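sequence-free structure coming up:
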């Protein structure tokens, strides 16, 4: 199994050389010109000695930088119990309750090269929304042509360790229920695997908004309460947050802004007027609006609340 996993890592990260129990690769995060990403397959850990990117699950690297087939192959090796995972059995309770779900068994990646004719409908729908092949690859977008999620585009969410914790299922067909999401909690940081906490984050309403807005997290129709994982993650990692909710969610936006300001977070509000949601904008238009976003403090918040009365 060690050799099989190493072969997958070589496909994903390139050639390596061995140093004791570790394999040294080029770091895919900082792209340093020397092999400084140390991977220990036996201990299931990795660390870059330059940028300090690290993790306790090598699958994170495969999930983030590999393709659908490489991820599937790696997961087939994960079915057996890894004894080293019990080393941290008494760590904080939150780690024990991390949500993990499976994608529908009928899921087909739209990043595949040889797609059937059934893929034309979801691809056409995505193109009409301004979503290109690079977006499809980045967001691991797929679809189901049959099963419970038939005729639906599937956009998965992965936690920081690369495990699927939620997915959005949106139909492209008319006269169908628009969304049919999994029977799982929305209390996740959607696609935290792709979030760069060293940069400002953007809070948006839905998943198609998030595809337009770089380094963004969709609220999935929920609000941001103080007990949510997202709220805790923001307080832990982020210093600046942009809020870009739909025009009809102004009160919700001000409530979120108020809560984050009270916890010392630097807040900017992006003007989304003229559009039903961020997902209708081009990426260039959103970037321009982000650059001209209004900084909010307690006084600005009070004025906005008065105007809402």
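Nice, I can see it. A quick note: this is a predicted structure, and the numbers were derived from the prediction, not measured. Numbering: from 1, shown residues only.

spatially nearest residue to residue 54, not counting backbone neighbours?
Spatial nearest neighbour of residue 54, excluding adjacent residues (C-beta to C-beta, 6 or more residues apart in numbering): residue 47 at 4.1 Å. C-beta coordinates here come from the backbone N, C-alpha and C atoms, glycine included.

quick check: phi and psi at that neighbour.
Backbone torsions of residue 47, given as degrees, to the nearest 10, read phi -160, psi 140.

next one: residue 38
According to degrees, to the nearest 10, residue 38 has phi -90, psi 130.

what about it, neighbour count?
20 (other C-beta atoms under 10 Å).

any idea what the residue lying closest to it once chain neighbours are set aside is bridged to?
In space, residue 38 comes closest to residue 22 once its chain neighbours are excluded; the distance is 4.8 Å by C-beta to C-beta, 6+ apart. Note on residue 22: beta-bridge partners by DSSP bridges are residue 19.

got the contact list for residue 22?
38, 39, 40 (C-beta atoms under 8 Å, 6 or more residues apart in numbering).

so where is the stretch 1-150 of the chain shaky, pLDDT-wise?
Within the stretch 1-150 of the chain, the segments meeting pLDDT under 70 span 78-96.

how about the strands in it?
Assigned by DSSP state E, counting those that start in this stretch, the strands in the stretch 1-150 of the chain fall at 17-19, 22-25, 37-40, 45-48, 54-55, 108-109, 142-144.

which other residues reach the third one?
If you take C-beta under 8 Å, 6+ apart as the criterion, strand 37-40 is touched by 9, 13, 16, 19, 21-28, 45-49, 53, 58, 61.

quick one: buried residues of that strand?
37, 38, 39 (16 or more other C-beta atoms under 10 Å).

could you check how far the residue nearest to residue 38 is from residue 34?
Going from residue 22 to residue 34 by C-beta to C-beta, to the nearest Å gives 15 Å.

could you list the domains of this structure?
With domains defined by automatic domain parsing, the chain comprises 2-78, 99-171, 195-308.

let me have those in CSV, extended by distance to residue 179.
Below are the domains of the chain laid out as CSV (distance: least, C-beta to C-beta, whole Å):
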stretch, distance to residue 179
domain 2-78, 23
domain 99-171, 6
domain 195-308, 9
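
select, out of those, the one closest to residue 183.
Nearest to residue 183 among the domains of the chain is domain 99-171 (8.9 Å), distances taken as C-beta to C-beta.

measure that closest one end to end?
24 Å (C-alpha to C-alpha, to the nearest Å).

isn't residue 272 up against residue 248?
No - Residue 272 lies out of contact with residue 248 (C-beta atoms under 8 Å); the separation is 10.0 Å.
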